[in-house]
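1. here's a sequence, model it:
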Amino acid sequence: MAPRLNSRAAVAVLLLAMVASLLPAARGIWLSIPSSGTKCVSEEIHSNVVVLADYYVINEEKPEHVPKVSSRQENATHGQFAFTTSEAGNYMACFWLDEHQEHVANVSLGLEWKTGIAAKDWDSVAKKEKIEGVELDLKRLEASVESIHQNLIYLKEREAEMREVSEQTNGRVAWFSIMALSVCIAVATFQVWYLTRYFQKKKLI
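-> Have a look, this model is predicted:
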């Protein structure tokens, strides 16, 4: 039985790796925070997606003196925030230096940005559902497949929206072209009529 279990585990891990390669993984971002102003990062995310972010500040000139940054009305040298998107759209996280501290240059902020499956605490899932090994890998695989399915649905909806906008734009351009052509024909007809009347009055024709 042991070789069969190892084989199943290998297959599950292989499938999980293949599916995970299709998903957006956690992203590590380095930001340079200006002494005045705000630095932001954004990502387009569809609805009902969990977003988890960890950040920490580094003072390159004086590592022992770490300035505080603000994000979502908090002053801290490191922190974490999480939310679940209520609707599809572009979500943004902004950071800025605490204005009540002395001027600091060359401040870097490390940001680990996780969305969807990457933001899920699988250790807690394993403890709560009392699963481990192959079962946990299969649980991750199932969640990954579901995430891919949701992403495909979202992309299909966006493609339909873009196609509808494109068709509306093409229709408006077509009507504008017809109207412009009609105006040109009307102006040309009026000019012919006016010149004909003018030449008749002058008895040139």
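2. which helix or strand contains residue 32?
-> Remark: residue 32 resides in strand 27-33, with elements defined by DSSP states H and E.
3. try residue 80
-> When secondary structure is defined using DSSP H and E, the element that contains residue 80 is strand 78-84.
4. export the next helix or strand after that strand as PDB, just CAs?
-> Of the helices and strands lying after strand 78-84 in sequence (DSSP H and E), the nearest is strand 89-97. As requested, the backbone C-alpha atoms of strand 89-97 are provided in PDB (Å, rounded to 0.1, in the frame of the first residue of the first chain):
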ATOM      1  CA  GLY A  89     -12.500  46.500 -10.600                       C
ATOM      2  CA  ASN A  90      -9.100  48.100 -10.100                       C
ATOM      3  CA  TYR A  91      -8.100  47.900  -6.400                       C
ATOM      4  CA  MET A  92      -5.300  50.200  -5.100                       C
ATOM      5  CA  ALA A  93      -3.100  50.300  -2.000                       C
ATOM      6  CA  CYS A  94      -1.300  53.500  -1.200                       C
ATOM      7  CA  PHE A  95       1.600  54.300   1.300                       C
ATOM      8  CA  TRP A  96       3.100  57.600   2.500                       C
ATOM      9  CA  LEU A  97       5.500  58.700   5.200                       C
END
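5. now strand 89-97: mean pLDDT?
-> On average, the pLDDT along strand 89-97 is 85.
6. residues in contact with the strand holding residue 80?
-> Judged by C-beta atoms under 8 Å, 6 or more residues apart in numbering, the contacts made with strand 78-84 from elsewhere in the structure are 48-57, 71-72, 93, 119. All C-beta atoms are positioned from the backbone trio N, CA, C, and that covers glycine.
7. paired strands for it, with orientation please.
-> For strand 78-84, sheet partners with direction are given as strand 50-59 (antiparallel), following DSSP bridges.
8. could you list the buried residues of the partner strand?
-> Taking 16 or more other C-beta atoms under 10 Å as the neighbour-count basis, strand 50-59 is seen to contain the buried residues 50, 51, 52, 53, 54, 55, 56, 57, 59.
9. kindly state the beta-bridge partners for the fifth one.
-> Beta bridges link residue 54 to residue 80, residue 112, judged by DSSP bridges.
10. so who does it touch?
-> When contacts are counted by C-beta under 8 Å, 6+ apart, residue 54 is found next to 78, 79, 80, 111, 112.
11. per-residue pLDDT, the first one?
-> Right, residue 78. Looking at residue 78, its pLDDT is 78.
12. how near is it to residue 47?
-> The span separating residue 78 from residue 47 equals 29 Å under the rule C-beta to C-beta, to the nearest Å.
13. now do the SS call for residue 147.
-> helix (DSSP: H, G, I helix; E, B strand; the rest coil).
14. neighbours around it, how many?
-> Around residue 147 sit 21 other residues, with neighbours defined as other C-beta atoms under 10 Å.
15. now do the same for residue 36: helix, strand or coil?
-> Strictly by three-state DSSP, residue 36 counts as coil.
16. show me what contacts the residue lying closest to it once chain neighbours are set aside?
-> Nearest residue to residue 36 in three dimensions, chain neighbours excluded: residue 97, at 7.6 Å (C-beta to C-beta, 6 or more residues apart in numbering). Listed by C-beta under 8 Å, 6+ apart, the contact set of residue 97 reads 33, 34, 35, 36, 67, 68, 69, 70, 104, 107.
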